[in-house]
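K.L.:
Give me coordinates for this.
(chains A and B)
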Amino acid sequence: MSEPAPHTPAATRPIHYRYFMNLGPQHPSTHGVLRVVIGLYGEYVLSIEPVIGYGHRMHEKMAQSRQWHAFLPNTSRMDYACCLPHQQCYVSLIEQHAGINVPPRAEYIRVITVELNRIVSHLLWLGAFLLDLGAFTPILYCFDDREQALDILEHLTGARITHCFFRVGGVLADIDEACAERIRSFIARLRSRFAVYQKLVTDNIIFIKRTRGIGIITPDMARRYGATGPVLRGSGIAYDVRRQQPYSVYREFDFDIPTGTTGDCFDRYAVRVEEMRQSLRIIEQALDRMPEGSIRADVPRRIPLHAGHRSFSVEGARGEITYYLVADGSDIPYRLKVRSPCFSNLSLLQELGEGMLFADLIATLGSLDLVIPEIDR
Amino acid sequence: METIITGTSGILGMAAVAAVIIGFVFVNATALGYIERKLCGHFQRRLGPMEVGWHGILQMPVDGIKLIAKQLIAPRNVAGILFYLSPLLALAPVALPLLVMPFAPRLQALDLETGLVFVLAMMSFNTFAVFLAGWSSNNNYSMIGALRSVAQNISYEIPILLSLLTVVFLARSLSLRHLVQVQEPLWFFLQHPSAAIAFIIFFIAAIAETNRSPFDLPEAESELTAGFHTEYGGIAFALFMIAEYTCMFINCCLATAVFLGGWQGLWLPLGAYGSGLVFLIKAYALMFVIIWCRWTFPRVRFDQLMNFSWKYLIPIGLGNFVLAALMTKI
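P.N.:
Next comes the predicted model:
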């Protein structure tokens, strides 16, 4: 079945031609509380207007009203699907600003847990994306694997979703030999499972028809909207904060930055699947080379942050996370600004989706991997 | 006429047949619901219902009671009586084809000369009910689901008719009983290449006709929440579900009777009533395939769905029909 370019009615049709429909705030495929007001003409989407803010919890304001360490739990509640990069970003920012040196073992543990968290997030995305495409089964397979990773993270951090594991100057708990063994067996297990996903998903003719050539983001468009993460890399731009501005100990690991060629939904899918493999490689290397030593630097209980401003970026599962801190010399931040990758990625949707078929809009929305509470904060 | 009602007559006989068929519809839908949930569980590496009864066998009756006990909530501005009528309209016609279904040599309520036409006519009522449900719900999701359903059903009824016509042409009869009887030595599916092709076309189109995944666009969950039955709860929802399962089951029965030799074939000494078991085994095997497809494939897109019917199934069906005509003449 080769699809001819669908007849796209002009987006300039009079407004009374449109059949307005709310996707959300409660809708199975907006994954949270996103609301998208779409104007339909038959099966074609003429206009898209994302409405955000339903999950606003004033995280940034909260940061301004408490000591810096008391904000740590908040960081893990912005992006609930992949919270450790947020924590890493925040603690690294404070450490840099206060000039605290982190023991190398702690940095390795951070890398291992962050990469595990990235895998957890990508597995969740994979299942949810296929659910958007109408395949009910893969999400259970993904959750099966995700559980294994969550068990390890739970063992380490004490929480399954909102891990609060990093501390300024180190991490909360050590990875002992038994835990390392568990992580190794998880790596072996997930590697063997990629063949299952290949058969069940990647080679599925309907899946290919639904994602190839759908929702094409050109490199220029991705740049204009400030897209980052797999959305940007799917368009063929090999931008990864771990490689461009290496932080933590990422310089010491050997890993590839997968990129797509056309920037369609399939490329974004392929990039994320490949990223999981690369994360496994990073974890493996980190486990092998983990240095001995303490896991937490000796940090005073109160650190007044000297006046000034500073930002720090990490690569989250969805793209570049930046925390921007303005300190005024007290131990309470004067201002903390969070740059969420999902906001920029969502902005793409309007230009991307106009003139699309309704079902393709759902597929495209799914392929952007949005976590709405991170946008709303 | 050898039928299940041999020996009874008039009003009493009709009442007995009606009771048996209504009972069968509900029991069958319950059983299929349980099988689907259990199979789905195992396809998804979990167990499915396990709590109520042995291996959750009482889960579906309990769910049924829950649905019956629930309050019927109609949103404001629904189209009054049509809103309540459409679940009934969905269920009633799909139960009727069971009247003419030849389950076994003596297990058939009524052998109409035009049984096949009767079944097809009754089955197409379902579209009507789905459209009314979507239209009367005063809900955008329902409306789009209903429109999709109409377009889909119109497109897929043509390949169904073409594939059945092929067999009618070979058997020279519209009576379902006769259609089964002429498959005495060998099933049509094995007997004739064009019947085999027709079977595949019929089966694909039947999945689409009954709005099942991967063609479940009228109730595409990720797009339209629950599609045409978004606003229905309680017993109204249950009636739609029962209608959907019965619809699927009838399509499987039709495939069994027309292509797979009906009650014949497993060569079990079951007699004039007992060979209905063979028929049911075949029909349930087809149901298994439908359920298997549902839990494996993603959903196709609307234009792909339409293209598949108009550009592939219908031309192949027409060609196949001509092939059957030529082969029977030569």
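
K.L.:
where does the closest residue to chain B within the stretch 51-200 of chain A land in three-state SS?
P.N.:
Going by C-beta to the nearest C-beta, chain B is nearest to A:G134 of the stretch 51-200 of chain A, at 2.6 Å. Any C-beta I mention is one placed from the backbone N, CA and C, and that applies to glycine too. Secondary structure state of A:G134, per DSSP: H, G, I helix; E, B strand; the rest coil, is coil.

K.L.:
show me the contacts for it.
P.N.:
The contact partners of A:G134, by C-beta atoms under 8 Å, 6 or more residues apart in numbering or on different chains, come to B:S213, B:P214, B:D216, B:A220, B:E221, B:S222, B:F297, B:P298, B:R299.

K.L.:
same thing but at 10 Å, please
P.N.:
A:206-207, A:210, A:359, A:362-363, B:213-217, B:220-223, B:294, B:297-301 (C-beta atoms under 10 Å, 6 or more residues apart in numbering or on different chains).

K.L.:
So which residues on the stretch 201-330 of chain B come close to chain A?
P.N.:
B:213-217, B:220-226, B:294-308, B:311-312 (C-beta under 10 Å from any C-beta of the partner chain).

K.L.:
show me the contacts for the closest residue to A:F312 other than its chain neighbours.
P.N.:
Once flanking residues are discounted, A:F312 sits nearest to A:L93: 3.9 Å by C-beta to C-beta, 6 or more residues apart in numbering or on different chains. A:L93 is in contact with A:68, A:168, A:305, A:310-314, A:322-325, A:333, A:336, counting by C-beta under 10 Å, 6+ apart.

K.L.:
now these as TSV including neighbour count?
P.N.:
Listed next are the contacts of A:L93 as TSV, based on neighbours: other C-beta atoms under 10 Å in any protein chain shown:
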residue	neighbour count
A:W68	25
A:V168	21
A:L305	22
A:R310	14
A:S311	14
A:F312	22
A:S313	19
A:V314	24
A:T322	18
A:Y323	25
A:Y324	15
A:L325	22
A:P333	24
A:L336	22
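
K.L.:
out of those, who's nearest A:A128?
P.N.:
Closest to A:A128 out of these is A:V314 (23.0 Å), distances taken as C-beta to C-beta.

K.L.:
then the strand or helix carrying that closest one to CSV, C-alphas only?
P.N.:
If you go by DSSP states H and E, A:V314 is part of strand A:308-315. Extracted in CSV, the C-alpha atoms of strand A:308-315 (Å, rounded to 0.1, in the frame of the first residue of the first chain):
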residue,chain,number,x,y,z
GLY,A,308,26.1,35.3,41.1
HIS,A,309,24.4,33.3,38.5
ARG,A,310,25.2,30.0,36.9
SER,A,311,23.5,27.4,34.6
PHE,A,312,24.1,23.7,34.2
SER,A,313,22.9,21.4,31.5
VAL,A,314,22.5,17.6,31.3
GLU,A,315,21.1,15.2,28.8
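
K.L.:
Check which helices and strands it sits against.
P.N.:
Packing partners of strand A:308-315 (3 or more C-beta pairs under 10 Å, 6 or more residues apart in numbering or on different chains; DSSP states H and E): helix A:84-98, helix A:104-132, helix A:241-244, strand A:320-327, strand A:335-339.

K.L.:
before we move on, the earlier item: can you turn the buried part of the residues of the stretch 201-330 of chain B next to chain A into a ChimeraX selection?
P.N.:
This is the ChimeraX syntax for the buried subset of these, where burial follows 16 or more other C-beta atoms under 10 Å in any protein chain shown:
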select /B:213,214,215,216,217,220,221,222,223,224,225,226,294,295,296,297,298,299,300,301,302,303,304,305,306,307,308
